[in-house]
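In: Take a look and give me a structure for this.
(4 chains)
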There are 4 protein chains.
Amino acid sequence: MIKVGIVGGTGYTGVELLRLLALHPQVELRSITSRADAGEPVSQMFPSLRGHVDLCFVHPDEALLDQCDVVFFATPNGIAMHQARGLLDAGVKVIDLAADFRIQDVAEWEKWYGMSHACPDLVAEAVYGLPEVNREQIRQARLVANPGCYPTAVQLGFIPLLEEGLVDISGLIADAKSGVSGAGRKAEVGILFAESSDNFKAYGVAGHRHLPEIRQGLARVAQHEVGLTFVPHLTPMIRGIHATLYGRLKRDVDLQALFEQRYANEPFVDVMPAGSQPETRSVRGSNRCRIAVYRPQQGDTAVVLSVIDNLVKGAAGQAVQNMNIMFGLPESTALSIVPLLP
Amino acid sequence: MIKVGIVGGTGYTGVELLRLLALHPQVELRSITSRADAGEPVSQMFPSLRGHVDLCFVHPDEALLDQCDVVFFATPNGIAMHQARGLLDAGVKVIDLAADFRIQDVAEWEKWYGMSHACPDLVAEAVYGLPEVNREQIRQARLVANPGCYPTAVQLGFIPLLEEGLVDISGLIADAKSGVSGAGRKAEVGILFAESSDNFKAYGVAGHRHLPEIRQGLARVAQHEVGLTFVPHLTPMIRGIHATLYGRLKRDVDLQALFEQRYANEPFVDVMPAGSQPETRSVRGSNRCRIAVYRPQQGDTAVVLSVIDNLVKGAAGQAVQNMNIMFGLPESTALSIVPLLP
Amino acid sequence: MIKVGIVGGTGYTGVELLRLLALHPQVELRSITSRADAGEPVSQMFPSLRGHVDLCFVHPDEALLDQCDVVFFATPNGIAMHQARGLLDAGVKVIDLAADFRIQDVAEWEKWYGMSHACPDLVAEAVYGLPEVNREQIRQARLVANPGCYPTAVQLGFIPLLEEGLVDISGLIADAKSGVSGAGRKAEVGILFAESSDNFKAYGVAGHRHLPEIRQGLARVAQHEVGLTFVPHLTPMIRGIHATLYGRLKRDVDLQALFEQRYANEPFVDVMPAGSQPETRSVRGSNRCRIAVYRPQQGDTAVVLSVIDNLVKGAAGQAVQNMNIMFGLPESTALSIVPLLP
Amino acid sequence: MIKVGIVGGTGYTGVELLRLLALHPQVELRSITSRADAGEPVSQMFPSLRGHVDLCFVHPDEALLDQCDVVFFATPNGIAMHQARGLLDAGVKVIDLAADFRIQDVAEWEKWYGMSHACPDLVAEAVYGLPEVNREQIRQARLVANPGCYPTAVQLGFIPLLEEGLVDISGLIADAKSGVSGAGRKAEVGILFAESSDNFKAYGVAGHRHLPEIRQGLARVAQHEVGLTFVPHLTPMIRGIHATLYGRLKRDVDLQALFEQRYANEPFVDVMPAGSQPETRSVRGSNRCRIAVYRPQQGDTAVVLSVIDNLVKGAAGQAVQNMNIMFGLPESTALSIVPLLP
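Out: Numbering: from 1, shown residues only, chains lettered A, B, ... in the order given. Presented below is the predicted three-dimensional model:
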């Protein structure tokens, strides 16, 4: 059994990790930390876990995390970078669901996240946990930077086009829409029900923290800097991201075949039949990304539709997928979930 | 492996059965019928099932249902009663998720459902599939009448009070609220998003078909006719029923202890700690019923709050629970699902 | 022109007052206070008001409220009681949308609201602003206690039954459902979109602050103490209250005629035809209360369905209605709004 | 008083016309037709209109439409073209809210709408009712083709850029998101609450009927054919369209000033301050279009955000605006509505 610790279990990625790990046959949940709620049963905060998780939140100082085999950080940005070295030194693998280790250019990271990085050398070591790109490195990794939700949906949609050099990479457009859980479980007026229900808006148009992460990922694939306009939107649903991606084609190609071949062996990427329009609910609660690709009116613009559940493939599910890879388990262990529809 | 057939797989209870049965380790899905959609892959209608269910819908005449071990009817009312006898005669067990076999008083059934019953004798044989009341009869049954969604939530909430004769049964009140999926997957204006979102209303106040079913169930427990006012409401959520139940107490008693003891051994009824207010989302996608009981201001009125997922414990999940019982499997097989929250 | 000031304009009742008053032909908006947001244009916080309201929030100390003809308090409980006397002494009429002056029994108020009352004598003077009961007193009032949202919906539904002594007042039940805006514009986790969407729950079952207010109002009408069980619920919609009311009838009567006669001359109470089921959206954005009355199965239980928009008839609209009465204007001035449907 | 008739009053644009016209001081509603619901009081179908509209639906044959001053067609496509000539001949002005007269290229229209056009000559006469472009022609028009909802939002956002020749018109992108009411009040499974709530999807990616309309409008402004990729999406809200528009800039310019100047005198177009992100709810129920313009990271891509209420500025409100213009009334008559927020 893999002994698992979770740092920061009171947010949405935390409870989602618990949902998935509670039924993982190879996992023993050892401790879940919360500074503010130490002593409270986890299932009191999240009654959905009653009967599945018996642990109480513990103070970080008493969590004995260094006795775990792997520790997930489901914390705000800037926490994992202070604790990762100690855990790694103790032989514990680390999967950070926040952004601390996602950006290889530390100066760029510091600019977007507004703080100094505590361990730039670990950034260099960290493996970006997108299995569809980095599976082998993840297998060897001690430290995995779990991708952001938007970056997962956008990269999986653009990768086949960029790998083949099919589109003009100076003018990529990613118009992305997220459910409100993407904003986290924070007491903020803007994400109140009465503010965000029956409403639609863009946000972060001038610049969103996921922009450098996406640019980095796309540049790696394209082996060249990319010009990307990224506009995220808030849509009145709980879970789900829908990325609508646009690129101008440089030559003719069978896009459907290209996408199907690229992801033929990927357990969690489903290229839908031509003409499909993937719905976010078709992946609700599951680790799948569903993709459709179009070339409207046979023009020179490719349109890719990519949907994920932001809390699963966009966070906790991908983290468990990474854990499975790191520990040599079948990649789908505990992730064979049928999406909840309706 | 239990060979399973489903009649009428295109509605919400159908797709929910598929979600649950697709991961049932003892089940082999053999056929799913749909007159209108024969030939279409099930996963084309419900993309959430892509990768989990490979079957196509088949015409009822070609479904070879009599070679199944059990057949679920996820059909409108009035279908199962025409096909049940043939299947039973062929040695197939039948679980009807519609109302055909729920009401023992056939004349009463015919009044509320507006048709003649095709097989009154089978009504007499049918076992009402509420395991918390009828587990032993279900174990022996060939034909199970799976309870309605409202009746499940209301009966589980009232049962402890009625078994002990604690409340005035002449004036019971069940104020129930359902998500819109309870109305089915039917093209009707009243349940359009633009009609039922951001809106709340009662319906069926003058008389709802679940009223006689609830009255029958409560009368069995109370061993006496009951006076029940049942007001269902439509609430803008997809899944979930919240029943708020009122009864006037005839004597003092520790309600919390009573409820906890009554359901101590029930795998799918969770009596929450005193002071809890169960949320429908705390059972979303799971087969659990969560209950809390109150005596506000220490007055003589007991208030019971009972929540279920109408498509799971209120339909498909309870049907699988019944199947597990009928086939001697552990009752929770394929039903150990952590609710999806948020 | 009536010179109007608003204290506490940053909550939902504040912005709703602005929506209504901006188009009131007899009103001149003079000042809107906010301690935290002084200096910010109102329309920056609420872009819906761009082009309609040009004021900036001002600090309370600079609001010159004593030069207004009327001041609305759209503040948390416990604010108006500290400022009302000064304004009244300056000849300003006061309408408090919070609870400071609603409960005549000051000890009871202090128990439920957890603070000492600053001016018990003004409580005695204050008129409870439910025009359907107190229109003449409101006309003469200097200080109006605007009713709570639940109390408005519940009282308007019960009044015809209680005035005629038709029901057993020892066991009244009010099962009420509110949209999430009823919880206010406060940064709290429980009312986040991702927490309260696609979810339904009861709250305050053990005791809600609107209980004593409702009991007081019903007792006045019944001229006797009443036994009331009040269970509020949170439903995933922005606006609207639906109260489902139950009372056991003591004698036979034509309920439909009774209700129609009681409210025949009321501009904002609409008794719907027999058999109707009022929807909250049918009053969305308007000051109307719509009511239907039933006697299911011709039993001895009367069921009343009463819907309002909690921010209009349940708050700001009723406040404007009261202002119109207090200043001798036609009662519907600025309130002839067609509800927004869909 | 302007005598008004409405053909097809049972859909969302019909009830919205009624909401607006019921309070129009210069309008006398004469008749509202519905073949299926003739004889039924309008307020029975739409209780929101109780107390505001006393008419019953009448059969088209008995509507005496030729005695009206203006007739609105709130009908499916293909109806108005059969009745317009008769009305025009009788001296009645016609405003068609459907698509019959929007596309000047009749062959193109017939291709997208799948029917033969009944009166191509009237297409030539019809004025496209976008006041911000065609105000003077509307003033003289007998027959106005009221723009579609997406075309309104997209054109108003692109116009300032195209008029100045600022962007590469070969690669325009319009990523648009609509509330579900845009699909109409039709009994279809895909727009049921349980299908479209908590869900997001694109649709019509391969080709949507509003594409040729938008292309025509943009080409007129640009005085050249445009290359446009238009991807509409369905978002789980009732009302509202959010268009996110992308164009590659050909030269540097002060976009904010450009937009502000272009719309400085438009009563219903609000260019928001730099850095704003317009929300659909900020125009809910009102005839306004709010726009913000960006140049992210000072790159060469302009991003325009444009929001409208699809049923108001995108349909009924714009129709009333056109009527006001056609009859020489102040353009804002009956349209000075404060949006409903929250």
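In: What segments of chain A are helices?
Out: Remark: helices assigned in chain A by DSSP state H are A:12-21, A:42-45, A:80-89, A:106-113, A:120-125, A:131-140, A:149-163, A:193-196, A:210-222, A:255-262, A:317-326.
In: Run the contact check for the first one versus chain C.
Out: Read that as helix A:12-21. Yes. Helix A:12-21 lies within reach of chain C by C-beta under 8 Å from any C-beta of the partner chain, at residue A:12. Yep, even glycine has a C-beta here, placed from its N, CA and C like the rest.
In: quick one: low-confidence ranges for chain A?
Out: By pLDDT under 70, chain A has no low-scoring segment.
In: need the residues of it near chain B, please.
Out: Counting by C-beta under 8 Å from any C-beta, chain A comes close to chain B at A:12, A:15, A:18-19, A:22-23, A:46-52, A:181, A:185, A:197-198, A:238-239, A:270, A:272, A:276, A:278-279, A:281-286, A:288, A:290, A:311, A:336, A:338-342.
In: Chain D next: which of these are close?
Out: Applying C-beta under 8 Å from any C-beta to the residues of chain A next to chain B, those adjacent to chain D are A:197-198, A:238-239, A:278-279, A:281, A:284, A:342.
In: In those residues, which residue is surrounded by the most others?
Out: Neighbour counts for these, by other C-beta atoms under 10 Å in any protein chain shown, peak at residue A:239, which reaches 30 neighbours.
In: circling back to that earlier point, out of the ones next to chain D among the residues of chain A next to chain B, flag the one nearest to residue A:104.
Out: residue A:239 (29.3 Å; C-beta to C-beta).
In: before we move on, back to that, please convert the buried members of the residues of chain A next to chain B into PyMOL selection syntax.
Out: A single PyMOL command selects the buried members of those (16 or more other C-beta atoms under 10 Å in any protein chain shown):
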select buried, chain A and resi 12+15+18+19+22+46+47+48+49+50+51+52+181+185+197+198+238+239+270+272+276+278+279+281+282+283+284+285+286+288+290+311+338+339+340+341+342
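In: ok, residue A:126 touching residue A:144?
Out: Yes. With contact defined as C-beta atoms under 8 Å, residue A:126 counts as touching residue A:144 (6.8 Å).
In: Could you name every residue contacting both of the two?
Out: Here residue A:126 and residue A:144 have A:96, A:101 as joint contacts, going by C-beta atoms under 8 Å, 6 or more residues apart in numbering or on different chains.
In: Compare these two (neighbour count), which wins?
Out: residue A:144 (29 against 24).
In: mind listing what the more buried one touches?
Out: So residue A:144 contacts A:93-96, A:101, A:126-129, A:138, A:319, A:322, A:326 (C-beta under 8 Å, 6+ apart).
In: again, but for residue A:180
Out: Per C-beta under 8 Å, 6+ apart, neighbours of residue A:180: A:191, A:196, A:234-238, C:192-194, C:197.
In: How about residue A:188?
Out: residue C:187.
In: Dihedrals phi and psi, it?
Out: phi -130, psi 140 (degrees, to the nearest 10).
In: now swap in residue A:205 and tell me
Out: phi -60, psi -40.
In: so how far is residue B:333 from it?
Out: From residue A:205 across to residue B:333, the span is 50 Å (C-beta to C-beta, to the nearest Å).
In: Between the two, which is the more surrounded one?
Out: residue A:205 (23 against 18).
In: sorry, back to before: need the max-distance pair from the contacts of residue A:180.
Out: The widest separation within the contacts of residue A:180 (C-beta to C-beta) is 15.0 Å, between A:235 and C:192.
In: just curious, which of the contacts of residue A:180 is nearest to residue D:256?
Out: So of the contacts of residue A:180, ranked by how close each gets to residue D:256 (C-beta to C-beta), first place is residue A:234, at 23.2 Å.
In: That closest one is in contact with residue A:205, isn't it?
Out: No. Shown here, residue A:234 and residue A:205 do not form a contact pair, counting by C-beta under 8 Å, at 11.8 Å.
In: Residue A:300 - how many residues pack around it?
Out: For residue A:300, using other C-beta under 10 Å, the count is 18.
In: And the residue lying closest to it once chain neighbours are set aside, how far from residue D:246?
Out: Distances taken as C-beta to C-beta, 6 or more residues apart in numbering or on different chains put residue A:249 closest to residue A:300, at 4.9 Å, once the chain neighbours are dropped. In this view, residue A:249 and residue D:246 are 16 Å apart by C-beta to C-beta.
In: Neighbour count: these two, which is higher?
Out: Neighbour tally, residue A:249 and residue D:246, criterion other C-beta under 10 Å: the higher count belongs to residue D:246, 22 against 16.
In: so who does the more buried one touch?
Out: Neighbours of residue D:246 in contact, by C-beta under 8 Å, 6+ apart: A:173, A:175, A:229, A:246, D:172-175, D:301-303.
In: so who does residue A:129 touch?
Out: Neighbours of residue A:129 in contact, by C-beta under 8 Å, 6+ apart: A:95, A:138, A:141, A:144-147, A:318-319, A:322.
In: The residue lying closest to residue A:148 once chain neighbours are set aside: what's it in contact with?
Out: Spatial nearest neighbour of residue A:148, excluding adjacent residues (C-beta to C-beta, 6+ apart): residue A:210 at 4.9 Å. Contacts for residue A:210 (C-beta under 8 Å, 6+ apart) come out as A:148-151, A:230, A:232.
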